[in-house]
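# here is a sequence together with a model predicted from it:
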Amino acid sequence: MIRLARVGARKQPYYRIVVIEKDRARNGRSIEVVGTYNPRTSPATVELKHERVAYWRGVGAQLSPTVEKLVGKLPAPAPAPAAGETAATAAA
């Protein structure tokens, strides 16, 4: 499962987006950290490793409802053109 793990001081929440077994504790040992979420900034800051999230979803990991909303608000960036290609040839 891909879900949030709370870190940070009391009344100063900061979250890691982690891949973890579904029945483990919220802040238990995770398999991999795939991003961060800071709700205290204006607007809230989300950093995500889209390729790792796509990999884990392909393997069968489910997103928690909160992480699903965060991923929906932050779409994956378009792939960059390969070396030697221009933007026009990459789009064609």
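Alright, I've got the coordinates.

# any regions of this structure where pLDDT drops low?
Of all residues in the chain, those with pLDDT under 70 make up the ranges 78-92.

# quick one: distance of stretch 58-71 to the chain centre.
On the basis of CA atoms, centre = their mean, to the nearest Å, stretch 58-71 sits 9 Å off its chain's mean C-alpha point.

# next, the buried residues of that stretch.
61, 63, 67, 70-71 (16 or more other CB atoms under 10 Å). (Each C-beta comes from the backbone N, C-alpha and C, glycine too.)

# what ranges do the helices span in the chain?
50-59, 65-73, 87-91 (DSSP state H).

# name the nearest residue to the residue nearest to the spatial centre of the chain, ignoring sequence neighbours.
In the chain, the residue lying closest to the centroid (CA atoms, centre = their mean) is Leu48, at 3.6 Å. Setting aside the residues directly before and after it, Leu48 is nearest to Gly35 in space (CB to CB, 6 or more residues apart in numbering), at 3.9 Å.

# so that neighbour makes contact with Ile17?
Yes. Contact criterion CB atoms under 8 Å: Gly35 and Ile17 qualify, at 3.8 Å.

# mind listing the shared neighbours of these two?
Shared contacts of Gly35 and Ile17 (CB atoms under 8 Å, 6 or more residues apart in numbering): Leu48.

# who has more neighbours out of the two?
Neighbour count, other CB atoms under 10 Å: between Gly35 and Ile17, Ile17 has more, with 27 against 21.

# circling back: now the helices of the chain in CSV, with distance to Arg29?
Shown next, in CSV, are those (distance: least, CB to CB, whole Å):
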stretch, distance to Arg29
helix 50-59, 16
helix 65-73, 18
helix 87-91, 41
